[in-house]
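Novice: Sharing a sequence plus its predicted fold:
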Amino acid sequence: MEELLLYYYWLIKLLAISFLALVLLIKVAVLLWWRPRRIEHHFSKQGIRGPPYRFFIGNVKEVVEMMLLASSQPMPFSHNILPRVLSFYHHWKKIYGATFLVWFGPTVRLTVSDPDLIREIFTSKSEFYEKVEAHPLVKQLEGDGLLSLKGEKWAHHRKIITPTFHMENLKLLVPVVAKSVMDMLVQWSAMSNSEEVEIEVSEWFQTLTEDVITRTAFGSSYEDGKAIFRLQAKQMVLAAVAFQRVLIPGYRFFPTKRNMNSWKLDKEIKKSLKKLIERRKGNSSINKMRDNHQDNGPKDLLGLMIQASNTSTDVTVLDIVEECKSFFFAGKQTTSNLLTWTTVLLAMHPQWQDQAREEVLRVCGSRDIPTKDDVVKLKTLTMILNESLRLYPPTIATIRRSKVDVELGGYKIPRGTELLIPILALHHDQSIWGNDANEFNPARFFDGVARAAKHHVAFIPFGLGVRTCIGQNLAILQAKLTLAIILQRFSFRLATSYQHAPTVLMLLYPQYGAPIMFQRLPNP
Ligand code: HEM
């Protein structure tokens, strides 16, 4: 009898295990085989095709191969960078048209570069779409701040932080930004005895933007903030290495040396920020003095978040920590890349460099630090920055996901479909920008952004709609001020070692750096 019971026990156990294994197998088959086939069928009925889905890996192998091949060597000095930077898009667009399906593993993405459809996604029907969670390694860096928050929490944080970026507030930053730029130029001048010096600008611009972001985020607690952002910069380096190498799911949880270093840094960042927040909140009399001081000085992210946390339980110390991370991640390299590409472009196109310098000297004089009112008058520089953002947008693409089944320009898009918006492709589209789309021609922005192209949703370097970049005024102000001060004091050209190789690793950057020769202009 006992033996029979034991037999049944094992039989039931075996059956249960087999059943679970079968359920699991079916789930995997549905996810990795049946669902992709169904989606392909759904879209092909509507005339949308793409490279065929391959079990589990989708099109990742081809995408990686094309991108590696494209970035295996520098390109000629041309601004036709789409084939190199978004090689898979360029290649498949020729075969399947601009709206096609591409598989990142079992996740499908529909490419959308038609400006009418882009307008629908970001403005008229934006409530049907949401942001997509970043890659886990990126997520670790960008934090749970504005960049990734959704719904009410996002709206609440955006409202709190927005005053930091009001133009009136940003203008108060002009003298400190100018001082950081001047300090940088003094160091450049000291690097060579001769009149000409070679500078790898991308690294210098990163240090500069870090400084400015630190002031915007931490205001009067600048020194403490700087130490915190140093830790975050170290963490970014670790993540960038991992981003290039690690493809194993869950690898970030393994106690590898890199991961342990990264966890340690994360702990340190949180600890330092909490200490700083407590100190700012702390002693009421000091606080009062600081508040008074702040009424005259620029409003900073930290101050505004602390103020909000005093009046609302919705804003916690952890929220502030995450917003600081988000700021650093979103603001530093984007702006430094804009500065780098614009400097490269002005070095490649000396006639525009001369024109920009003429304007700067006319408006600001040859040695005076430009004021906040001067910066607004620099129209040629604005046109040049726009053309730089068009040809070399630091963020080359963005992604949205449909929250419900939705119609997009007549196409039926099932819930959960990811839409890939290749900003770079939109900016280089000849049907929108004309035959000279791949030429550097800032004059196209002479009558403003709205009139520069055949469609007014043709230029979206800062995104579009409610989730548009909160920091764009700061980025433009900083870029204008920096370039104006450089143009006053130096002329520049590409170093002979410069290799043209725009490449993407999260953002668009020069693969072999940006060495530029700077020649001091004679004192007037
Ligand atoms: C040239 C410089 C910059 C470029 C090209 C840029 C680009 C962008 C783009 C394209 C988006 C929208 C992403 C999407 O819709 O998926 C965005 C959002 C954002 N950017 Fe920037 N950005 C720049 C500078 C900055 C700076 C200086 C800061 C802050 C200090 C900043 C903070 C943010 C934040 C917080 C968001 C998310 C906004 C939200 O969802 O509410 N950015 N940026």
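Specialist: Noted; the coordinates are in hand.
Novice: list the buried ones in stretch 338-352?
Specialist: 338-349, 352 (16 or more other CB atoms under 10 Å). C-beta here means a position set from N, CA and C on the backbone, and glycine is covered the same way.
Novice: out of those residues, which touch the ligand?
Specialist: residue 338 (CB under 6 Å from any ligand atom).
Novice: Just the ones of the buried residues of stretch 338-352 in helices?
Specialist: Using DSSP state H, 338-348, 352 are the members of the buried residues of stretch 338-352 that sit in helices.
Novice: Adding pLDDT, write those residues out as CSV.
Specialist: CSV is the format used below for those (pLDDT from 0 to 100):
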residue, pLDDT
338, 98
339, 98
340, 98
341, 98
342, 98
343, 98
344, 98
345, 98
346, 98
347, 98
348, 98
352, 98
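Novice: Would you mind giving the residues you listed as CSV with distance to residue 118 added?
Specialist: Shown next, in CSV, are those (distance: CB to CB, whole Å):
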residue, distance to residue 118
338, 21
339, 27
340, 27
341, 23
342, 25
343, 29
344, 28
345, 25
346, 30
347, 32
348, 29
352, 29
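Novice: For residue 215, state which of these is nearest.
Specialist: Taking CB to CB as the measure, residue 339 is the one of these closest to residue 215, at 16.5 Å.
Novice: so how far is residue 202 from the closest one?
Specialist: With distances taken as CB to CB, to the nearest Å, residue 339 is found 8 Å from residue 202.
Novice: before we move on, what about residue 430?
Specialist: In terms of CB to CB, residue 430 sits 29 Å off from residue 202.
Novice: Quick check: the residue of the stretch 1-150 of the chain nearest the ligand.
Specialist: Sorted by distance to the ligand under CB to the nearest ligand atom, the residues of the stretch 1-150 of the chain start with residue 146, at 3.9 Å.
Novice: next structured bit after the one helix or strand in the chain whose mean pLDDT sits lowest?
Specialist: Lowest on mean pLDDT, DSSP states H and E among the helices and strands of the chain sits helix 284-296, with a mean of 48. Toward the C-terminal end, the helix or strand that comes next after helix 284-296 (DSSP states H and E) is helix 301-311.
Novice: Which member of the ones in helices among the buried residues of stretch 338-352 is positioned nearest residue 96?
Specialist: Checking these against residue 96 with CB to CB, the nearest one is residue 341 at 30.0 Å.
Novice: ok, the closest one touching residue 387?
Specialist: No - distance between residue 341 and residue 387: 10.2 Å, which falls outside the contact criterion (CB atoms under 8 Å).
Novice: who touches both of those two?
Specialist: In terms of CB atoms under 8 Å, 6 or more residues apart in numbering, residue 341 and residue 387 are not both contacted by any residue.
Novice: Would you tell me which residues of the stretch 101-250 of the chain are close to the ligand?
Specialist: Proximity of the stretch 101-250 of the chain to the ligand, by CB under 6 Å from any ligand atom, involves residues 146-147, 158, 213, 216.
Novice: if you count what's nearby, which of residue 430 and residue 202 comes out ahead?
Specialist: In terms of neighbours (other CB atoms under 10 Å), residue 202 is the more surrounded of residue 430 and residue 202; the figures are 21 against 10.
Novice: That one - nearest residue in space that isn't next to it in sequence?
Specialist: In space, residue 202 comes closest to residue 340 once its chain neighbours are excluded; the distance is 4.5 Å by CB to CB, 6 or more residues apart in numbering.
Novice: go on, residue 466?
Specialist: What sits nearest to residue 466 in space, not counting adjacent residues and going by CB to CB, 6+ apart, is residue 126, at 6.3 Å.
Novice: Which pLDDT value belongs to that neighbour?
Specialist: Each residue has a pLDDT score; the one for residue 126 is 96.
Novice: Count the neighbours of it for me.
Specialist: Residue 126 has 16 neighbours, counted by other CB under 10 Å.
Novice: Backbone torsions only: list them for the residue of the chain found nearest the ligand.
Specialist: With CB to the nearest ligand atom, the shortest gap between the chain and the ligand falls at residue 471, namely 2.2 Å. Dihedral angles phi and psi of residue 471 (degrees, to the nearest 10) take the values phi -100, psi 10.
Novice: check contacts around it.
Specialist: By CB under 8 Å, 6+ apart, the contact set of residue 471 is 165, 327, 330-331, 334-335.
Novice: Mark which of those residues are part of helices, please.
Specialist: Assignment to helices by DSSP H places the following of the contacts of residue 471 there: 327, 330-331, 334-335.
Novice: returning to that earlier point: please tabulate the contacts of residue 471 in a markdown table, including the columns neighbour count and pLDDT.
Specialist: Converted to a markdown table, the contacts of residue 471 look like this (neighbours: other CB atoms under 10 Å; pLDDT from 0 to 100):
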| residue | neighbour count | pLDDT |
| --- | --- | --- |
| 165 | 19 | 89 |
| 327 | 28 | 86 |
| 330 | 21 | 90 |
| 331 | 23 | 90 |
| 334 | 22 | 96 |
| 335 | 27 | 97 |
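Novice: ranges for the strands of this protein?
Specialist: With DSSP state E as the criterion, the chain has strands at 101-104, 107-111, 129-131, 196-200, 398-402, 406-408, 411-413, 418-421, 490-494, 502-505, 507-510, 515-520.
Novice: Can you tell me the number of residues neighbouring the closest residue in space to residue 490 that isn't next to it in sequence?
Specialist: With sequence-adjacent residues excluded and distances taken as CB to CB, 6+ apart, residue 490 is closest to residue 518, at 4.4 Å. By other CB under 10 Å, 25 other residues sit near residue 518.
Novice: Make residue 1 into 841 and carry on from there
Specialist: Happy to do that; since the first residue is 841 now, the last one works out to residue 1358.
Novice: how far away is residue 1358 from residue 1337?
Specialist: The span separating residue 1358 from residue 1337 equals 14 Å under the rule CB to CB.
Novice: just residue 1194 next, same as before
Specialist: To residue 1337, residue 1194 is 24 Å away according to CB to CB.
Novice: try residue 1312
Specialist: As for residue 1312, its distance to residue 1337 is 33 Å (criterion: CB to CB).
Novice: of the two, who's got more company?
Specialist: residue 1312 (16 against 11).
Novice: In space, what's closest to the more buried one - neighbours in sequence excluded?
Specialist: In space, residue 1312 comes closest to residue 1302 once its chain neighbours are excluded; the distance is 4.3 Å by CB to CB, 6+ apart.
Novice: Tell me the predicted confidence for that neighbour.
Specialist: At residue 1302 the predicted local distance difference test score is 98.
Novice: In contact with it, which residues?
Specialist: In this structure, residue 1302 makes contact with 1308-1309, 1312, 1315, judged by CB under 8 Å, 6+ apart.
Novice: Buried subset of those as a PyMOL selection?
Specialist: Selecting only the buried members of those in PyMOL, with burial defined as 16+ other CB under 10 Å, works like this:
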select buried, resi 1309+1312+1315
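Novice: ok, back up a step: the residue nearest to residue 1306 and residue 1305: what is the separation?
Specialist: As it turns out, when the distance is counted by CB to CB, residue 966 lies 5 Å from residue 1305.
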